[in-house]
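> fold the stuff below for me.
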Amino acid sequence: MFLVLLASYGLILVTFTLFINFGETSVYGVNKTVGWAYDISNQMYLNAILFPFCLILFLVGYLLLMILRRKTNYLLSITHFSLIILSITGTLVYYYAISSLLYLVSIPLFFIIIFKSYKTI
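Here you go, the predicted structure:
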């Protein structure tokens, strides 16, 4: 009896699926692009938030180092400066993903520069 009930239920489901359109639940158009995902190809907005934050952080940090008369490692400072210039250039030529990555790499490098600074006599 259970198998007869199961078979009839399956037959009803197959009939409804093949002959009756349930609107969006039909089997037709299965490979249709849905487009629910957030488009992250335009990262201009992330750079608009990240760029001023980074520059203010760097300016205030280097100003404090200057006031406290601390010297930084020359090689790390040149690397940090070149990262900032490359990220600004990436923003100008619309490589927002690379520019955001360079901004995010320059923040830990900046903190390394601060921690490795030493007092001048």
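
> buried residues in stretch 51-58?
Of all the residues in stretch 51-58, those buried under the rule 16 or more other Cβ atoms under 10 Å are 51, 54, 58. To be clear about C-beta, it is placed using only N, CA and C from the backbone, and glycine gets the same treatment.

> how about TSV for these, with secondary structure, pLDDT and distance to residue 103 added?
Below are the buried residues of stretch 51-58 laid out as TSV (DSSP: H, G, I helix; E, B strand; the rest coil; pLDDT from 0 to 100; distance: Cβ to Cβ, whole Å):
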residue	secondary structure	pLDDT	distance to residue 103
51	helix	83	7
54	helix	86	5
58	helix	91	10
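
> mind putting those residues in TSV, distance to residue 68 included?
Putting those into TSV (distance: Cβ to Cβ, whole Å) gives the following:
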residue	distance to residue 68
51	26
54	21
58	16
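
> what residue, apart from its backbone neighbours, is nearest residue 104 spatially?
Among residues not flanking residue 104 along the chain, residue 50 sits closest, at 7.5 Å (Cβ to Cβ, 6 or more residues apart in numbering).

> the one you found: neighbouring residues, count only.
Other residues lying near residue 50 total 19 when counted by other Cβ atoms under 10 Å.

> before we move on, which element is it in?
helix 44-67 (DSSP states H and E).

> contact partners of that helix?
72, 80, 84, 87-88, 91, 96, 99-100, 103-104, 106-107, 110, 114, 117 (Cβ atoms under 8 Å, 6 or more residues apart in numbering).

> what is the neighbour count of residue 103?
Around residue 103 there are 23 residues (other Cβ under 10 Å).

> do I have it right that it meets residue 87?
Yes. At 5.2 Å, residue 103 counts as touching residue 87 under the criterion of Cβ atoms under 8 Å.

> pLDDT weak spots in this structure?
Within the chain, the stretches with pLDDT under 70 are 1-6, 9-10, 12-44, 121.

> how about the strands in this structure?
70-71, 118-119 (DSSP state E).

> nice, that's everything, thank you.
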